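> Generate a structure from the sequence data that follows.
(chains A and B)
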2 protein chains.
Amino acid sequence: MDGSPSSLDLEWIEGGGLDSPLGFRAGGIYTGVKTYGDEPRLDLGLMATDGPCTVAGMFTQNQVVGDAVLWDRAVVASGSPVRALICNSGCSNVLNGEQGARDTRRMAELVAERLGVAPEEVLIGSTGVIGRPLPMPLIERGIADVDLRPDGGFAFARAIMTTDTHPKHAAVRFTCDGRTYTIGGCIKGSGMIHPDMATMFGFLTTDAPAERDWLQATLREVVGRTFNMVDIDMDTSTSDTALLFASGAAGGEPVTDGHPAAASLHEAIEVVARYLARELARDGEGAQTLIEVVAEGAASLEDARRAARTVASSPLVKTMIVGRDPNWGRVMMAAGRSGARFDQHAASVWVGEHQVLDRGTPTSVDLALVSQAMGTPEVQLRVHLGAGEATATAWGCDLTEGYVRINADYTT
Amino acid sequence: MDGSPSSLDLEWIEGGGLDSPLGFRAGGIYTGVKTYGDEPRLDLGLMATDGPCTVAGMFTQNQVVGDAVLWDRAVVASGSPVRALICNSGCSNVLNGEQGARDTRRMAELVAERLGVAPEEVLIGSTGVIGRPLPMPLIERGIADVDLRPDGGFAFARAIMTTDTHPKHAAVRFTCDGRTYTIGGCIKGSGMIHPDMATMFGFLTTDAPAERDWLQATLREVVGRTFNMVDIDMDTSTSDTALLFASGAAGGEPVTDGHPAAASLHEAIEVVARYLARELARDGEGAQTLIEVVAEGAASLEDARRAARTVASSPLVKTMIVGRDPNWGRVMMAAGRSGARFDQHAASVWVGEHQVLDRGTPTSVDLALVSQAMGTPEVQLRVHLGAGEATATAWGCDLTEGYVRINADYTT
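All right, here's what the predicted structure looks like:
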């Protein structure tokens, strides 16, 4: 299980998303919670499942969390099947005192009433400004009016966006023992992204039936290699939520260890999550370049992850890419402060295909070529620590003047 | 010993610096190592002591370090007296393989020859681009030609600058039992500043005689509360160096615990270091605003420091200040991811004088006033964690489009 996209016969579904697997309907609507000037933008998304659905979840490790995260943690921990996911953007409902908890419960109740399910079967996501109460009359009307359709995943993906420039969604399918399984998902970023055990909003669906503990373990492993390896700005949101729904509508026995489709399903979920993670980094606030950082030769997987993430998130590495400045020493500076253990005299660095450091000594590479290699939409930085065998990949984006502009007047 | 500037009768010396205490001469010269367009800027600084000098030092915790740091660590660890400090800017002599070590030793030898001392009595600082060899002919000529004067501290402070917009230096004096002690220093920033146990270049001098272990312990405590509480961009330099020289030229018994001047000397050193730390943050790359973050009510000093530093370094807090955007939830987001333990329902936040969060619930403060309070050259953010009694202060600066511009073409 190396997570490589090529080891499984996967079919990508054009325009697919979390509505691609059987058993899910979704939709999005404009309620007025999220206002950017005069332009109306979808800001409330609802996803409903045709029947009871197994769910796995991972959440922000920030000690300050939104009421929706508290609600979802309890629902996921209960282990009971779920029926719906309601999400709003524009207001995160964080730090609103007792009113915040009341409003979150009310959202679940409104969805439950509309769908004829229990409030505890409804998961919730709220993202946006902190410390402003939810405008409940708008939310209430939105929940009543949002159109649920088998092809409503695109509208849902648009409705959960904050500063994202476009919706990000994908789906794949594969066949095992004559049965076809579909996996879909969507993700939203694009600032305050430094996930710690979970991430932003990343929602995944499958029509495979799945045993709950297997689903949770799979999500944990996949998130560790995908969503958690994206870093936009080192800030960890108070609302990070990753959910994986399994409707079982594809039929057959619940997937768990030993099931013939288990390895393939795990891999397909990871392929979708990795695609979404990369798209998230590419659409980072103000981003012009996707930065992929591969840390090799680390003493442990933890060291490899630290080194890759720290390089990908370093402001000085990011600004180096913006300026196509072949100042590769910053890559080593970042690896050196990551906490990964290595000897600088054993370390090597590549920018794209060009090796710039060879076991502690600069190479004679033409720095003009290195600068050129940074002028592409995707730039790969590779560092070999010379300390072991472990490898990890992280994704980030460049830090542009656009990032500063976007965040300097987010609420105003 | 609360470190407050007011508890000791200190006299600030106008225009003072590391040459203000007795026993130090300094100077700076332009050699050509550091070129910014056509404008010649001082890039080599030399400080010499009239006699053997006790020294304390702290260095970067980055695993990738410059050869000058390796050299200085050995000199400081030997415990022997020192006679000089040579610094160049424009080239950090990091990751230059075996040549880097040779060039560093050669710098010490050249200074030793000129001053008639041993190479092991010479400390070295190199700051600037990583992975480019030192242009030794320029350095050699500079060491021969630099003018050493009792009032050369200003030239020295200019010579160690990289992207700093102006030199930063200070000096104070106080009298104890009829004897006057003087403490001076200079500092340089202004990017790659996220010190970990030491910082950037921060050089302090005093003419007090001091016992070495006392001097090292004092430097460690002072750095923990001052230089280490400055954060420009979360990147930790490979060359961070803090040195404290005691010439003993003021006369008297060496200061150590129990000496009548010990507490006052410690405090005076901290006052100078705190002043320099604040000036460093104020002159952060592209900075327009000094951000002072006070974390109170923490469960431990470590928690208070973590919370204060994390808030001061958060890109989203920094951009909030740039835009005067009263999006104070970001302060809690940053405190929440800092690792400090607290309950969000017990936490309160102030922006300047305005309380925006009261034990987990937003106040009804007029956000226009909060926005106004962020339009001053110094902005204080205060968070009370409601978890204990510990307090810490950190300093940072806003993140502007200017930061991005400066770092996008640092070497080009």
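> In three-state terms, label residue A:321 for me.
helix (DSSP: H, G, I helix; E, B strand; the rest coil).
> Show the contacting residues for it.
Residues counted as contacts of residue A:321 (CB atoms under 8 Å, 6 or more residues apart in numbering or on different chains) are A:289, A:291, A:374, A:379, A:398. Quick note: C-beta positions are derived from backbone N, CA and C, even for glycine.
> what distance separates the helix or strand containing residue A:222 from the middle of the whole chain?
Assigned by DSSP states H and E, residue A:222 falls within helix A:212-225. Put simply, helix A:212-225 sits 14 Å off its chain's centre (CA atoms, centre = their mean, to the nearest Å).
> From residue B:313, how far out is the residue of the stretch 101-250 of chain A found nearest chain B?
Closest contact between the stretch 101-250 of chain A and chain B, by CB to the nearest CB, is at residue A:130 (2.3 Å). From residue A:130 across to residue B:313, the span is 18 Å (CB to CB, to the nearest Å).
> follow-up on the earlier one: of the contacts of residue A:321 - the most surrounded one?
residue A:291 (27 neighbours; other CB atoms under 10 Å in any protein chain shown).
> Regarding that residue, what is its secondary structure?
Under three-state DSSP, residue A:291 comes out as strand.
> Correct me if wrong: it contacts residue A:317.
Yes - using CB atoms under 8 Å, residue A:291 is in contact with residue A:317, at 7.4 Å.
> Now list whatever residues contact both of those two.
Residues touching both residue A:291 and residue A:317 comprise A:381, A:396, with contact defined as CB under 8 Å, 6+ apart.
> Quick check: buried residues in stretch A:239-247?
Neighbour counts over stretch A:239-247 (16 or more other CB atoms under 10 Å in any protein chain shown) mark A:239-247 as buried.
> can I get those residues in a markdown table with secondary structure and distance to chain B?
Shown next, in a markdown table, are these (DSSP: H, G, I helix; E, B strand; the rest coil; distance: CB to the nearest CB, whole Å):
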| residue | secondary structure | distance to chain B |
| --- | --- | --- |
| A:239 | coil | 10 |
| A:240 | coil | 10 |
| A:241 | strand | 15 |
| A:242 | strand | 17 |
| A:243 | strand | 21 |
| A:244 | strand | 24 |
| A:245 | strand | 27 |
| A:246 | strand | 31 |
| A:247 | coil | 34 |
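> From those residues, which shows the smallest pLDDT?
Among the buried residues of stretch A:239-247, residue A:239 carries the lowest pLDDT, at 77.
> thinking again about what came up before, show me what the helix holding residue A:222 is packed up against.
strand A:44-59, strand A:241-246, helix A:262-282 (3 or more CB pairs under 8 Å, 6 or more residues apart in numbering or on different chains; DSSP states H and E).
> interface residues of the stretch 251-400 of chain A facing chain B?
A:314-316, A:319-320, A:322-330, A:332-337, A:340-342, A:344-345, A:347, A:356-357, A:360-362, A:371, A:399-400 (CB under 8 Å from any CB of the partner chain).
> Can you flag the buried ones in the residues you listed?
A:314-316, A:319-320, A:322-330, A:332-337, A:340, A:342, A:344, A:347, A:356-357, A:360-362, A:371, A:399-400.
> Which parts of the stretch 51-200 of chain A are strands?
A:82-91, A:122-129, A:168-176, A:179-188 (DSSP state E, counting those that start in this stretch).
> if we compare these, which one ends up closest to residue A:207?
strand A:179-188 (5.4 Å; CB to CB).
> For residue A:78, list the residues it contacts.
Neighbours of residue A:78 in contact, by CB under 8 Å, 6+ apart: residue A:120.
> Relative to chain B, how far out is it?
Going from residue A:78 to chain B by CB to the nearest CB, to the nearest Å gives 23 Å.
> Have a look at chain A and report the helix or strand with the lowest mean pLDDT.
strand A:35-36 (a mean of 64; mean pLDDT, DSSP states H and E).
> ok, what's across the strand from residue A:379?
Per DSSP bridges, the residues bridged to residue A:379 are residue A:291.
> so what pLDDT did it get?
Predicted confidence (pLDDT) at residue A:379: the value is 95.
> what's the distance between it and chain B?
Taken as CB to the nearest CB, the span from residue A:379 to chain B is 14 Å.
> Read off the pLDDT value for the most far-flung residue of chain A relative to its centre.
Largest separation from the mean C-alpha position in chain A: residue A:364, at 39.1 Å (CA atoms, centre = their mean). Residue A:364 is assigned 93 on the pLDDT scale.
> now it: how far from chain B?
12 Å.
> Secondary structure element holding that residue?
Going by DSSP H and E, residue A:364 is not in any helix or strand.
> Now do the phi/psi pair for it.
Backbone torsions for residue A:364, taken as degrees, to the nearest 10, come to phi -100, psi 20.
> Tell me how many other residues surround the closest residue in space to residue A:95 that isn't next to it in sequence.
Nearest residue to residue A:95, sequence neighbours excluded (CB to CB, 6 or more residues apart in numbering or on different chains): residue A:131, at 4.7 Å. Each residue near residue A:131 was counted by other CB under 10 Å, and the total is 26.
> Just confirm residue A:131 contacts residue A:96, I think it does.
Yes - with contacts counted by CB under 8 Å, residue A:131 reaches residue A:96, the gap being 6.8 Å.
> Quickly list what's touching both of these two.
Shared contacts of residue A:131 and residue A:96, counting by CB under 8 Å, 6+ apart, come down to residue B:362.
> pretty sure residue A:215 contacts residue A:246?
Yes - the criterion here is CB under 8 Å, and residue A:215 meets it with residue A:246 at 5.7 Å.
> Please enumerate the strands of the stretch 251-400 of chain A.
A:290-298, A:348-351, A:354-358, A:361-362, A:378-384, A:390-397.
> tilt between the first one and helix A:262-282?
Direction vectors for strand A:290-298 and helix A:262-282, defined by axes from the mean of the first three to the mean of the last three CA atoms, to 10 degrees, enclose an angle of 130 degrees.
> same for strand A:290-298, what does it pack against?
Looks like strand A:290-298 contacts helix A:262-282, helix A:301-313, helix A:315-322, strand A:378-384, strand A:390-397 (3+ CB pairs under 8 Å, 6+ apart).
> try 10 Å this time
helix A:262-282, helix A:301-313, helix A:315-322, helix A:329-337, strand A:348-351, strand A:378-384, strand A:390-397 (3 or more CB pairs under 10 Å, 6 or more residues apart in numbering or on different chains; DSSP states H and E).
> Alpha carbons of it, in CSV - could you do that?
Output in CSV follows, covering the C-alpha atoms of strand A:290-298 (Å, rounded to 0.1, in the frame of the first residue of the first chain):
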residue,chain,number,x,y,z
LEU,A,290,2.2,24.9,-5.9
ILE,A,291,5.2,23.9,-3.9
GLU,A,292,5.8,20.2,-3.4
VAL,A,293,8.4,19.3,-0.9
VAL,A,294,9.8,15.8,-0.7
ALA,A,295,11.9,14.9,2.4
GLU,A,296,13.9,11.8,1.9
GLY,A,297,16.5,9.9,3.8
ALA,A,298,15.0,10.8,7.2
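> so what are the domain limits for chain A?
A:5-281, A:290-408 (automatic domain parsing).
> got JSON lines for these, with distance to residue B:83 too?
Below are those laid out as JSON lines (distance: least, CB to CB, whole Å):
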{"stretch": "domain A:5-281", "distance to residue B:83": "42"}
{"stretch": "domain A:290-408", "distance to residue B:83": "29"}
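> out of everything not next to it in sequence, what's closest to residue A:105?
residue A:119 (6.8 Å).
> ok, now which ones touch that neighbour?
A:71, A:75, A:84, A:105-113 (CB atoms under 10 Å, 6 or more residues apart in numbering or on different chains).
> Can I have the buried ones of the residues you listed as a PyMOL selection?
Buried residues within the contacts of residue A:119, by 16+ other CB under 10 Å, are selected in PyMOL with:
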select buried, chain A and resi 71+75+84+106+107+108+110+111+112
